[in-house]
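> any chance you can model this:
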Amino acid sequence: MKMAFWLYFFLFLAFFDLHAQYPILTPFALTLGATPAFIGWMMGIYALTHLPGNLLAGQGVDRHGSRRYMIFSLISAGIILLLQAHVTEPWQLLALRSVSGFVLAFLAPACLAMLASLSSDPIRQGKFMAGHGVVHTLASVVSPAAGAFLVAQTSYSFTFQSLGWLLIATGILAIFTIREPQGAASKLTLQETAKTPVKLNIIPLRFYILPLAVSCSQGILYFELPFQAGGASGIVNTGVYFSIISLGALATLSMLFLSHYSPYVRAALGILGIALSFFAMAALDFVPLQVSLFILGMAKGVTFPAIASMFIDLSGGKRLGTVFSLQSISMSIGSFIGPIAGGMLHGKITSPYFAAFLILMVALLLIPPRTSKLKSNTIPPVTT
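So this is what the prediction gives:
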């Protein structure tokens, strides 16, 4: 539990830093002269550069553990933010966001694999995933409003510098406090792999449609919501809207008893809730936006821990670094498609929110909340 406490503490600082940027990136790009279409591509490229990082993170975490990748990701992202404070052209912001997408791709697989390796009990692992979601959400409740307020009181440059130094300090502190769990389930040592082959469950690729669809819808939301709040002139409103989403997620993440229920059912119900929230924002004008965002957040609080628990169950608890890496890849693809789709649909007859609704409903139709018995595949020992 001591390791879990330190891990949650540093995750809180990292998530606070990252979420504080959400309401200010679009207004900042607008002040540089970027068009809505360019902003959509900028957000999409950030997700696209996640892919090589996710691929490297999967094998790296399984072979070497999570610690070094977490530290590298935090410190590198902090340095990029320091550089981001001095950009003057849209293409410079695009380049830095591309590099940032690569280095931050290591963080999620490493963190999730380390948390899952703290226990071999499925219920306890589910609670760790829920705890990860609680910490993530607690940070995201105050950070969007805090980031927007800081920009309003100071400047974009000062805000990015402050966030950059916070990430660097978090990475340095992690060097002295985070240690790999003994006998981590996600790490394959040379001795283990040299003696016996490893049984690895084959996860059907269709299950990865769920995180892809969810992240695609979130990409549309992150693109469209700042424009709906007023663009560069509505930066404080944007921060408040993102905080409302996080408050909704916190409401359901605090219900730790949910981890006792099937992750497949929880994931299906959570995605349905997100889809209906997008439908309300697209077509039900009588529903206040704040209410739709709060319900969307509640659905997110159910969905993300459920998806993580679902992949742990599907994998049989083996090679969690690779499993969460593939999950992150699918989410990166969705996050790449989402903002670009939002940019193409912005201002058109069809609301981007309605497109997000359709994507989520199609995913639910393709992935029923039941699973069949998985096949098992014997893979050869890993060599170095």
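> C-alpha from now on. contacts and neighbour counts both.
Noted.
> can you count the residues close to the nearest residue to F336 once chain neighbours are set aside?
In space, and not counting its chain neighbours, F336 is closest to G44: 3.8 Å by Cα to Cα, 6 or more residues apart in numbering. Applying other Cα atoms under 10 Å, we find 26 other residues in the vicinity of G44.
> a helix runs through G44, doesn't it?
Yes. G44 forms part of a helix when assessed by DSSP: H, G, I helix; E, B strand; the rest coil.
> if I pick the residue positioned nearest the centre of the chain, what's in contact with it?
With distances taken as Cα atoms, centre = their mean, the residue of the chain nearest its centroid is A108 (7.1 Å). Taking Cα atoms under 8 Å, 6 or more residues apart in numbering, we find A108 in contact with F324, S328.
> distance of it from Q327?
Taking Cα to Cα, to the nearest Å as the measure, A108 falls 10 Å from Q327.
> same question for S335.
To Q327, S335 is 12 Å away according to Cα to Cα.
> which one's more surrounded, those two?
S335 (29 against 24).
> that one: what secondary structure?
Reduced to three states by three-state DSSP, S335 is helix.
> ditto for F257
Three-state call for F257 (three-state DSSP): helix.
> burial of it, as a residue count?
As a measure of burial, F257 has 12 neighbours, counting by other Cα under 10 Å.
> also K348?
Counted with other Cα under 10 Å, K348 comes out at 9.
> helix or strand for the residue nearest to the centre of the chain, which one?
Element membership for A108, per DSSP states H and E: helix 107-116.
> same check on G342?
Assigned by DSSP H and E, G342 falls within helix 320-345.
> return the distance of that helix from the chain's centre.
Its chain's C-alpha centre and that of helix 320-345 lie 9 Å apart, by Cα atoms, centre = their mean, to the nearest Å.
> next helix or strand past that helix?
helix 352-366.
> pull out the buried positions in that following helix.
Applying a neighbour-count criterion of 16 or more other Cα atoms under 10 Å, one finds P352, Y353, F354, A355, A356, F357, L358, I359, L360, M361, A363, L364 buried in helix 352-366.
> the last one contacts A268, correct?
This means L364. Yes. Judged on Cα atoms under 8 Å, L364 makes contact with A268 at a distance of 6.7 Å.
> low-confidence regions, the stretch 1-150 of the chain specifically.
Scanning the stretch 1-150 of the chain for pLDDT under 70 picks out 1-2, 58-59, 62, 119-123, 125-127, 129-130, 133.
> 90 instead, please
Flagging of the stretch 1-150 of the chain using pLDDT under 90 yields the residue ranges 1-74, 76-78, 81, 84-150.
> quick one, helices of it?
2-19, 22-31, 36-48, 50-64, 67-84, 90-104, 107-116, 122-153 (DSSP state H, counting those that start in this stretch).
> average pLDDT for stretch 267-276, rounded please.
Averaged across stretch 267-276, the pLDDT comes to 88.
> go on, stretch 157-171?
Averaging pLDDT along stretch 157-171 yields 88.
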